[in-house]
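>>> I need the structure of the sequence given here:
(chains A and B)
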Amino acid sequence: MRRPGYAGKILRVDLTRQRLTTEPTVKYADRFVGGRGINAWMLFNELDTSVRPFDPENMLLFGVGPLVGTLSPFGCRVSVDTKNAYTSGVGSANCGGHFGVEMKHAGFDNVVFTGRAEEPVYLWLNEGKAELRNARGLWGETTWETEREIRKEQGDEEVRVIGIGPAGENLVKSACIISDRAKAAGGSGVGAVMGSKNLKAIAARGTHSIAVAEPERFLKAVDAARAKIEQFPKAEKYRKDGYYGVESYYGSPAWEAGFRPVRNGQDDYWDPEKVKQVSGDAMKKYRAKILACYGCPVGCMP
Amino acid sequence: MILLDPTRCQGCRLCEAACSLHHSGHTAFNPALMSTKVVRDNDTARITMSIDSTCDGCAGEETLLCVKYCAYGARSVKR
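So this is what the prediction gives:
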């Protein structure tokens, strides 16, 4: 049975044995909502506490929620959950882009990886089918090249790819999992965990439909959310100019309170003049276009 | 007639979702039922927008859904 809002299936991939199994999402969807909810419940129940982050027994879960791929604004996030590579506690990161939607259209709500592949592989999801493919030729390539190569291999320019670059392959703890060139799931060392499993990327494409249970109420809620977004004072500015790293924090209450993530947290203070050099008009001349994540009515990403 | 402006479009594809909602009779979001398409080329940052012959001008809806849900003003109606 399929539940409205969900694609219907959870895919389990045992990379060591190269075995793929599916189970219905309904089993979990009754109690927990969405990508991170179901991911966290699985981690809590299935992962032994003595497992270390880079052990093959560690789990790496990708999940999308019921709003992803619908008309709901911002319905694009992919939640990536695993054992935290820094702390061995719970680890979670998430990213936008178009991959989550395509994964749902391919027929999967969650993908659960366990084990470690002998050789580099990538997972190909297409129209309800899943397949592990050799990625020896992709190993060592950047995420941009990986996306390009997989699209060429599948002969489809609309295949969406999420994957790691050389940093993740070499178990750098701050490595990100990147989708759509610039959307990053960066926390908790998820990129390194993906690299430790010899998993280069996931690619998805499909046309499965996502059902709506109560369209009238859903559309009303969407309209209300959209009206609220229009009240956000910076919405129009973000749409037109985008924003760049520090700029979004500069002068904000968070900045005044001491949260100054300059140079990826390597510096803790910059002069306002110096901030200007890397934000706003100074950066705009290098930009070809803003490409928004799926379903985003603000489109901040340069 | 719907006018498309790819220079304003940022490729969020909400129009596609709205279109498939209309064609499925307000029951689902399905890429197979879309009359409009937005393709983004990540290499050149170029966006291609198109509407095919299955567009029925949102028959039965109050307004054109793809125009209503576009936040970037990339779609407008020409009478």
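
>>> phi, psi for the residue lying closest to residue B:28 once chain neighbours are set aside please.
Take residue B:28 and drop its neighbours on the chain: the residue closest to it by Cβ to Cβ, 6 or more residues apart in numbering or on different chains is residue A:209, 4.2 Å away. All C-beta spots, glycine's among them, are computed from the backbone N, C-alpha and C. Main-chain torsions, residue A:209, degrees, to the nearest 10: phi -90, psi 160.

>>> got it, and the one 10 residues further on?
With angles defined as degrees, to the nearest 10, residue A:219 shows backbone torsions of phi -60, psi -40.

>>> show me the contacts for the nearest residue to it once chain neighbours are set aside.
Residue nearest to residue A:219 in three dimensions, not counting chain neighbours: residue A:71, with 7.3 Å by Cβ to Cβ, 6+ apart. Counting by Cβ atoms under 8 Å, 6 or more residues apart in numbering or on different chains, residue A:71 touches A:218, A:219, A:222, A:295, B:14, B:17, B:18, B:21, B:29, B:69.

>>> closest to residue A:18 out of these?
Using Cβ to Cβ, residue B:29 is the member of the contacts of residue A:71 that lies nearest residue A:18, at 32.7 Å.

>>> from memory the closest one sits against residue B:20, does it?
Yes. The pair residue B:29 / residue B:20 is scored as a contact, 5.2 Å apart, by Cβ atoms under 8 Å.

>>> so what sits against both of those two?
If you check residue B:29 and residue B:20 against Cβ under 8 Å, 6+ apart, the residues they both contact are residue A:209.

>>> looking at those two, which is more packed in?
Neighbours were counted for residue B:29 and for residue B:20 using other Cβ atoms under 10 Å in any protein chain shown; residue B:29 has more, 27 against 24.

>>> can you give me the strands for the stretch 101-250 of chain A?
Assigned by DSSP state E, counting those that start in this stretch, the stretch 101-250 of chain A shows strands spanning A:108-114, A:121-126, A:129-134, A:160-163, A:177-179, A:183-185, A:199-205, A:210-211.

>>> where does the most centrally placed residue in chain B land in three-state SS?
Among the residues of chain B, the one closest to the centroid is residue B:15, at 3.5 Å (Cα atoms, centre = their mean). Secondary structure assignment for residue B:15 (DSSP: H, G, I helix; E, B strand; the rest coil): helix.

>>> ok, and the closest non-adjacent residue to it?
For residue B:15, the closest residue by Cβ to Cβ, 6+ apart turns out to be residue B:66, at 3.8 Å.

>>> ok so the one you found is a strand residue?
No. Assessed with three-state DSSP, residue B:66 is helix; it does not lie in a strand.

>>> got any ranges where chain B has weak pLDDT?
For chain B, no stretch has pLDDT under 70.

>>> now the helices for it?
Applying DSSP state H to chain B gives helices spanning B:14-23, B:65-69.

>>> so which of the ones you listed is the most surrounded?
helix B:14-23 (a mean of 25; mean count of other Cβ atoms under 10 Å in any protein chain shown).

>>> other SSEs contacting that one?
strand B:28-29, strand B:36-41, helix B:65-69 (3 or more Cβ pairs under 8 Å, 6 or more residues apart in numbering or on different chains; DSSP states H and E).

>>> one step back: how near is the residue nearest to residue A:219 to residue A:291?
Distance, residue A:71 to residue A:291, using Cβ to Cβ, to the nearest Å: 20 Å.

>>> likewise for residue A:96?
11 Å.

>>> residue A:146 too?
Residue A:146 is 18 Å from residue A:291, by Cβ to Cβ.

>>> check the gap between residue A:145 and residue A:300 for me.
Taken as Cβ to Cβ, the span from residue A:145 to residue A:300 is 26 Å.

>>> more neighbours: which of the two?
For residue A:145 versus residue A:300, neighbours defined as other Cβ under 10 Å are more numerous around residue A:300 (19 against 12).

>>> in contact with the spatially closest residue to that one that is not a sequence neighbour, which residues?
In space, and not counting its chain neighbours, residue A:300 is closest to residue A:238: 4.4 Å by Cβ to Cβ, 6+ apart. By Cβ under 8 Å, 6+ apart, the contact list for residue A:238 reads A:298, A:299, A:300.

>>> thinking again about what came up before, tell me which of the strands of the stretch 101-250 of chain A lies nearest to residue B:60.
Here strand A:210-211 is closest among the strands of the stretch 101-250 of chain A (Cβ to Cβ), at 19.7 Å.

>>> and that closest one, how far out from the chain middle?
21 Å (Cα atoms, centre = their mean, to the nearest Å).

>>> near chain B at all, the one helix or strand residue A:91 maps to?
When elements are assigned from DSSP states H and E, residue A:91 belongs to strand A:90-95. No. Judged by Cβ under 8 Å from any Cβ of the partner chain, strand A:90-95 stays clear of chain B, getting no closer than 15.2 Å.

>>> show me what that strand is packed against.
helix A:34-46, strand A:78-83, strand A:177-179, strand A:183-185, helix A:190-196.

>>> buried residues in the third one, which are they?
What that stands for is strand A:177-179. For strand A:177-179, the neighbour count (16 or more other Cβ atoms under 10 Å in any protein chain shown) marks A:177, A:178, A:179 as buried.

>>> before we move on, back to that, now do the contacts for the residue nearest to residue B:28.
B:20, B:24, B:28, B:29, B:30, B:31, B:32, B:33.

>>> okay, it: pLDDT?
Predicted confidence (pLDDT) for residue A:209: 92.

>>> and what of residue A:219?
Reading off the model, residue A:219 has pLDDT 94.

>>> sounds good, over and out.
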